[in-house]
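Participant: Got a predicted structure plus its sequence, pasted below:
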Amino acid sequence: MFDKRNIHAKYLKALSGIRSFLLAKKSREFLIFLFFVFVSFCFWLLQVLNDDYETELSIPLRMKNVPENVVLTSELPRELKIGVKDRGTVLVNYLLGQTIYPVTIDFEEYSDKGNQIQIPSSSLSKRIASQLNQSTKLYAIKPDTLDLIYMRGEGKKIPVRLRGEVKAEPQYYISDIVFTPDSVMVYAPKNILDTITSVYTEMVYMEEISDTTRHRAGLAPVKGVRFTPSYSDIMFLVDMYSEKTVEVPVQGINFPDDKILRTFPSKVQVTFQIGLRQFKNVTAKDFIVVVDYNTLREEKSEKCKPVLLESSPNAKHVRLIPHEIDYIIEQKIKFDD
């Protein structure tokens with residue numbers, strides 16, 4: 001353990017050293033020198049920022065009022081690049097502080113101009129300039145023209161499927177996956193729409209989850225196709241494994257009509273892992289354990305190995321105890337009438 005007295009002594013010694021350094025004549029001269037250097041730098045920076053400069057800013061671009069059955073085959077750029085000129089102090093404010101709001105294009109204003117729309121960027125200059133300082137000169141907008149091609153497609157409801165991999169922690173498992181919505185409206189030209197049977201999420205990867213988990217996943221884009229909505233809320237239901245054992249009678253299969261199988265014991269224990277939600281629902285009736293007559297003839301052993309013929313789909317890591325059992329094959333006695 002640390003000695004508190006030693007730590008206190010070292011702290012006082014360090015504090016004394018710093019004080020001595022600051023009070024020394026050479027140290028005071030050095031600090032005064034640094035102060036004047038800092039003041040000089042500030043004056044130089046203010047003088048430089050008073051000059052005019054040019055820079056490029058980014059403005060988000062949005063579109064509103066797009067009908068659900070309209071499919072955009074050429075997407076608008078996500079942002080516009082604008083060239084501006086002003087004093088350095090104003091440009092620094094644009095880059096670091098002032099918020100520039102998205103430019104929004106109303107689809108309804110252009111919907112009567114055919115399936116191909118061309119919007120000159122110059123027509124947006126007034127909206128952009130309204131967000132800038134009066135002293136700022138707007139001298140360029142890129143791209144100079146916005147091209148938009150669209151078509152009106154048919155629509156149908158298509159189920160959502162997960163793309164990716166989700167793993168639970170050991171002793172847990174994913175008991176169910178619930179999509180909300182479980183189907184979305186898909187709009188596309190008929191020749192494309194007819195080929196779509198499922199809509200897939202973007203890749204989802206999760207590991208070692210141990211409790212019910214919710215995740216919003218976007219739908220993987222398909223060229224020439226529009227989804228409404230463009231996402232699905234996914235709920236991964238997680239359950240804990242528990243171990244259960246049931247006794248199941250051993251049955252004989254492929255035995256001749258005149259022969260009977262007797263095993264010792266007559267039942268075997270079937271042990272398996274099952275989720276807590278399904279624990280009471282899985283019983284011995286969900287399993288069938290058999291011994292095959294053909295296998296007995298081939299092996300000619302004093303003991304036989306029971307085989308699990310049917311099992312509950314919810315049971316995992318199923319095993320039989322014992323693995324081998326004694327048996328005899330009896331001949332049926334026929335009585336004459």
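Facilitator: That came through, no problem. Numbering: from 1, shown residues only.

Participant: what pLDDT, on average, does stretch 291-309 get?
Facilitator: Across stretch 291-309, the average pLDDT comes to 86.

Participant: Buried ones in stretch 323-333, by neighbour count?
Facilitator: By 16 or more other CB atoms under 10 Å, the buried positions in stretch 323-333 come out as 325, 327, 329. Backbone N, C-alpha and C define where each C-beta goes, glycine included.

Participant: ok, for the first one, nearest residue in space, not its chain neighbours?
Facilitator: Just to be clear, that refers to residue 325. Excluding its sequence neighbours, the residue lying closest to residue 325 (CB to CB, 6 or more residues apart in numbering) is residue 263, at 5.1 Å.

Participant: That neighbour contacts residue 304, correct?
Facilitator: Yes - at 7.3 Å, residue 263 and residue 304 qualify as touching, with contact defined as CB atoms under 8 Å.

Participant: thinking again about what came up before, out of the buried residues of stretch 323-333, which is nearest to residue 289?
Facilitator: Nearest to residue 289, judged by CB to CB, of the buried residues of stretch 323-333 is residue 325 at 10.0 Å.

Participant: which residues sit in contact with that closest one?
Facilitator: 250, 263-265, 268, 303-304, 306 (CB atoms under 8 Å, 6 or more residues apart in numbering).

Participant: Can you tell me how far residue 313 is from residue 262?
Facilitator: Relative to residue 262, residue 313 is positioned 31 Å away (CB to CB, to the nearest Å).

Participant: To clarify, my last question referred to residue 155.
Facilitator: Distance from residue 155 to residue 262, by CB to CB: 66 Å.

Participant: Which one's more surrounded, these two?
Facilitator: residue 155 (15 against 12; other CB atoms under 10 Å).

Participant: Apart from its neighbours in sequence, what residue is nearest that one?
Facilitator: Using CB to CB, 6+ apart, the nearest residue to residue 155 is residue 187, at 4.4 Å.

Participant: Helix or strand: which one has that neighbour?
Facilitator: Residue 187 is part of strand 183-188, with elements assigned from DSSP states H and E.

Participant: domain assignment for this protein?
Facilitator: Using automatic domain parsing, the domain parsing of the chain gives 52-152, 154-240, 241-331.

Participant: Kindly check the end-to-end length of the shortest one for me.
Facilitator: With CA to CA, to the nearest Å as the measure, the first residue of domain 154-240 is 45 Å from its last.

Participant: Within its sheet, name the partner strands of the helix or strand hosting residue 233 and how each one runs.
Facilitator: Element membership for residue 233 (DSSP H and E) is strand 231-253. Strand 231-253 has its sheet partners listed here by DSSP bridges as strand 172-180 (antiparallel), strand 213-218 (antiparallel), strand 267-275 (antiparallel), strand 288-292 (parallel).

Participant: Out of the ones you listed, the one nearest residue 254 is which?
Facilitator: strand 288-292 (5.6 Å).

Participant: picking that back up, quickly name whichever of the buried residues of stretch 323-333 is closest to residue 90.
Facilitator: Of the buried residues of stretch 323-333, the one sitting nearest to residue 90 (CB to CB) turns out to be residue 325, at 90.4 Å.

Participant: show me the contacts for residue 259.
Facilitator: With contact set as CB under 8 Å, 6+ apart, residue 259 has these partners: 293, 329-332.

Participant: in stretch 66-84, what's buried?
Facilitator: Residues of stretch 66-84 classed as buried: 66, 70-71, 76, 80, 82, 84 (neighbour count, 16+ other CB under 10 Å).

Participant: How about residue 204: which residues does it bridge to?
Facilitator: According to DSSP bridges, beta-bridge pairing links residue 204 with residue 164.

Participant: ok so residue 89 is a helix residue?
Facilitator: Yes - read with DSSP: H, G, I helix; E, B strand; the rest coil, residue 89 is one of the residues of a helix.
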